[in-house]
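Engineer: Compute the structure for the input listed below.
(one chain, ligands or ions: 2)
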Amino acid sequence: MQVISKPFTCKVMEQRLRIILATSNHGKVKEFQSWISEYEVVAYSDIMPPFEIDETGTTFKENALIKARAVYEKLDTKNDIVLSDDSGISVPLLGGEPGIYSARYAGVHANAKDNLNKLIQTLKDKGIAKTPAFYTAAIALVCAKGEFCVHGWMHGDAIAEARGNNGFGYDPMFIPCGYTQTLGELDESVKKAFSHRARALELAYIVLKSLK
Ligand SMILES: O=c1nc[nH]c2c1ncn2[C@H]1C[C@H](O)[C@@H](COP(=O)(O)OP(=O)(O)OP(=O)(O)O)O1
Ligand SMILES: [Mg+2]
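Structural biologist: Numbering: from 1, shown residues only. Ligands and ions are numbered 1, 2, ... in the order given. As a prediction, this is how the structure comes out:
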């Protein structure tokens, strides 16, 4: 008797869930794409023309949801999951600045270098060489099954100088707890192990698994 092999099981035929990243920040895209292996991950600008999203919220959570909703609303098919990240660095000695305004710290059209230099200069002007600081990340997920938001934090010190070229944004002036080098100097595996974004992503996975 001839045995006809079944080349594909239903499992193989199943379409993988696709995650659309609602961010224009290349540093975030690079991190998410290198950290998430179970899903197909694409930047939203790869599937639609990039557009301005007003971050009018008063918290990281509100802004993350604003970004994810804005991209989800523009999707043709609603089978995908949109993932956004709103994040920033807070310095308690500066009353929590720049916090949710991290990307606009040196002005609305400021780039990452301008913002980094402004925070360094602000510390220098106050005669501070090193002070506690922390990063916050809110990750929002928007899909057909609903809206979700989780958070992660990374504590350390902000220093009044930039050291190293790894990471992005404020990383050259941020020394994580337990280290002597900045995230600009440390290997990217450190951020993968316990950054604010990595920790929020761990929680986001719990939500993602429940959506399958
Ligand atoms: O791991 C990080 N390492 C260094 N800097 C970081 C990090 N995480 C957030 N940050 C800074 C960059 C930016 O100044 C702000 C995020 O602002 P945020 O509005 O969330 O992102 P964004 O405007 O760069 O891109 P988008 O809104 O399209 O996601 O915090
Ligand atoms: Mg932004």
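Engineer: can you tell me how far residue 45 sits from residue 179?
Structural biologist: The spacing between residue 45 and residue 179, counted by C-beta to C-beta, to the nearest Å, is 33 Å. Backbone N, C-alpha and C define where each C-beta goes, glycine included.
Engineer: Work out which residue lies at the spatial centre of the chain.
Structural biologist: residue 85 (4.3 Å; C-alpha atoms, centre = their mean).
Engineer: is it fair to say that residue lies in a strand?
Structural biologist: Yes: remark: residue 85 belongs to a strand, assigned using DSSP: H, G, I helix; E, B strand; the rest coil.
Engineer: List the residues that contact it.
Structural biologist: Taking C-beta atoms under 8 Å, 6 or more residues apart in numbering, we find residue 85 in contact with 23, 25, 28, 32, 64, 67, 137, 138, 139, 140, 197, 200.
Engineer: can you pull up the bridge partners for it?
Structural biologist: Applying DSSP bridges to residue 85 gives these bridge partners: residue 139.
Engineer: Show me where this structure has its strands.
Structural biologist: Here the chain has its strands, by DSSP state E, at 18-21, 40-43, 81-91, 97-98, 130-143, 146-159, 174-176.
Engineer: Indicate the residue of the protein located nearest to ligand 1.
Structural biologist: residue 169 (2.3 Å; C-beta to the nearest ligand atom).
Engineer: any idea how far residue 181 is from that residue?
Structural biologist: Taking C-beta to C-beta as the measure, residue 169 falls 17 Å from residue 181.
Engineer: more crowded one of these two?
Structural biologist: residue 169 (22 against 14; other C-beta atoms under 10 Å).
Engineer: Nearest spatial neighbour of the more buried one, chain-adjacent residues omitted?
Structural biologist: Once flanking residues are discounted, residue 169 sits nearest to residue 112: 5.2 Å by C-beta to C-beta, 6 or more residues apart in numbering.
Engineer: mind listing what that neighbour touches?
Structural biologist: Per C-beta under 8 Å, 6+ apart, neighbours of residue 112: 27, 168, 169.
Engineer: Reformat these into CSV and put pLDDT and distance to residue 160 next to each item.
Structural biologist: Formatted as CSV, the contacts of residue 112 follow (pLDDT from 0 to 100; distance: C-beta to C-beta, whole Å):
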residue, pLDDT, distance to residue 160
27, 96, 22
168, 97, 19
169, 98, 16
